[in-house]
Each structure stands twice: as structure tokens, then as C-alpha cells.
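J.: Here is my input; please provide its structure:
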Amino acid sequence: MEIRQLAGALGAEVIGLDLTSGIEETAFSAVRDALHQSGVICIRGQGAMTPQGQLAFAARWGEISIHPYVPSIEGHPGIMKIYDPNPITQTWHSDSTHMREPHAYTLLLARILPEVGGDTMFASATGAFQSLSPGFQAVLRTLSAVHEGTALAADAGLDHEAVVAVHPVVRAHPDTGAEALFVNDNYVTRIDGWSPEESRPLLEYLYGVIGRHENTYRHRWHHGDLVIWDNRSTQHAVVGDVAGEERVLHRVTIASSASDG
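T.: Numbering: from 1, shown residues only. The predicted model follows:
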């Protein structure tokens, strides 16, 4: 097994690991450490992995989350089918931050890919925070933001209070202690205690910092790529340049990490 860094800000690839035959604890610890260091990792060549195998491997990372309003693929609770890019997936975001306990990790396996297009961008929210001045960092540590579910939650009939949460604008990673910006344009509606109009200039500035080129990595998918990212330290957005070709990936999210208990 070889682990190689892919970009300066975040991103690494794992080569020479066949998850269809399981993974020993030593190798799993190395992969997990690489993820915490790089924010996002790609384990190449996992096209033979079955849905059961993906769920079994995902369970090594923590508790598998069942999405409250997007259905799982038939017969495999916990695996969501990801397909055509849409305005929600094309916006920088972390997964399900409107939950009181947001997801720890996401595992996305490439099943069907277009010949070109459909790349996924990743950004280091840790690097974005570190790039700010100490005085600005100190101010942000005092703030919290209101996260609310998208229109899909309302369409599914969920009560609004079930899809709203307040989180600190800056969160410390439970494993590494590194601080990261924790605001995104999919779910954050305002700074807690501020109006949306007052909040927008600050939030737009922070979104711009997160998306700076030096904080990002662009992943070009290959069949069998299993990409894992840490939702507590990164954000992601799909590039919406797929012109009618099929794009299918299978997603599993982890509600809490094994180290969270």
C-alpha cells in the first residue's frame, strides 16, 4: 500500500489496497491517519466492491447514517445514489450541517462515469481558517451560525425544527484539534443573533476564502475510485459540466466517527 499526496492544500491517493478482501487494522489506521492529515483521500481500484462491502467498510469508520428524506438504493439502507449535478451539489458545502450532529465522514464510490466532466472540487476549511489574521480568527471564534435544511426537507414533510441547528462558525476537529471554518452556502441562513442582511457580507467573504484556489483540490474520477472526505475539515462541490451522460456514484455517510464513541 502506498499513500501519495495529490495537492498542497489537501488530497491524497491510496494505491495497492484491495478492500474486497478486507483490511487489517494496521492498514486501516494508516488510511485513517492519512485522511485526518489530508482531509480527503482516494482509494483507487475498488470497482469490484459490492454494496454490502461498501457498507461493511464504512462501518469501520463509525455509525452509518440513514438520510431522513432521500431514499437509499433498494436493499441497501445507508447507500444513496448520487447522479446528475444540481445547484445544491454544485455549491461549496459540507454534508447535512443542518443536523444537530453533522456527519463525520462521507464515502463516495464511482460506479458509472461520463467520458469527461463531473469532477468534484474539495476545499480545506482548515487551511481557509489558518489563512485569516489572528484578530479576525478571534472574532469568528465568538460567533455561531444557523443551519437550515434545504427545500427538499420541506417537500418531504419534515418539521422545520427537525432540520435546523446552530453550530460555531469555527469548530475544532475532535481528533486533530485543528480549527476549521464551519459555514457553507447550502445550509447557513444567517449568523446567530444577526439578521440575514447583516450576515450576508461576512458569510460571502468566508465562502470566498474557502474557495480560493490555494485551498482546493480537484478530483477527476476514475471507475472504482472510493473517495473519503472529512466533513469537519473540508467542503466539496461538483463541477456541473456533464452534458447528458450518465454519472452514478454510491454515497455512504458516517453520523459519528469511531473515535467519537
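J.: Secondary structure class of A27, three-state.
T.: helix (DSSP: H, G, I helix; E, B strand; the rest coil).
J.: can I assume it is in contact with I3?
T.: No: the criterion here is CB atoms under 8 Å, and A27 misses it with I3 at 10.2 Å. The C-beta positions use only the backbone N, C-alpha and C, and glycine is treated the same way.
J.: Looking at the two, which is more packed in?
T.: Neighbour comparison, A27 and I3: the larger count goes to I3, with 19 against 15 (by other CB atoms under 10 Å).
J.: List the contacts of the more buried one.
T.: For I3, the contacting residues are A12, E13, V14, I15, A30, V31, A34, I41, by CB atoms under 8 Å, 6 or more residues apart in numbering.
J.: Strands - which of the residues you listed land there?
T.: A12, E13, V14, I15, I41 (DSSP state E).
J.: tell me the helices in the stretch 1-150 of the chain, going along the chain?
T.: For the stretch 1-150 of the chain, helices defined by DSSP state H, counting those that start in this stretch occupy the ranges 25-38, 51-59, 125-130, 134-140.
J.: Pull out the buried residues from the ones in strands among the contacts of I3.
T.: A12, E13, V14, I41 (16 or more other CB atoms under 10 Å).
J.: now those residues in a markdown table, with distance to H147 and pLDDT?
T.: Converted to a markdown table, those look like this (distance: CB to CB, whole Å; pLDDT from 0 to 100):
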| residue | distance to H147 | pLDDT |
| --- | --- | --- |
| A12 | 28 | 98 |
| E13 | 31 | 97 |
| V14 | 32 | 96 |
| I41 | 26 | 98 |
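J.: Closest one to T150 out of those, please.
T.: I41 (27.4 Å; CB to CB).
J.: about what we covered before: wait, which of the ones in strands among the contacts of I3 is closest to L132?
T.: Distances from L132 to the ones in strands among the contacts of I3, taken by CB to CB, are shortest for A12, at 24.7 Å.
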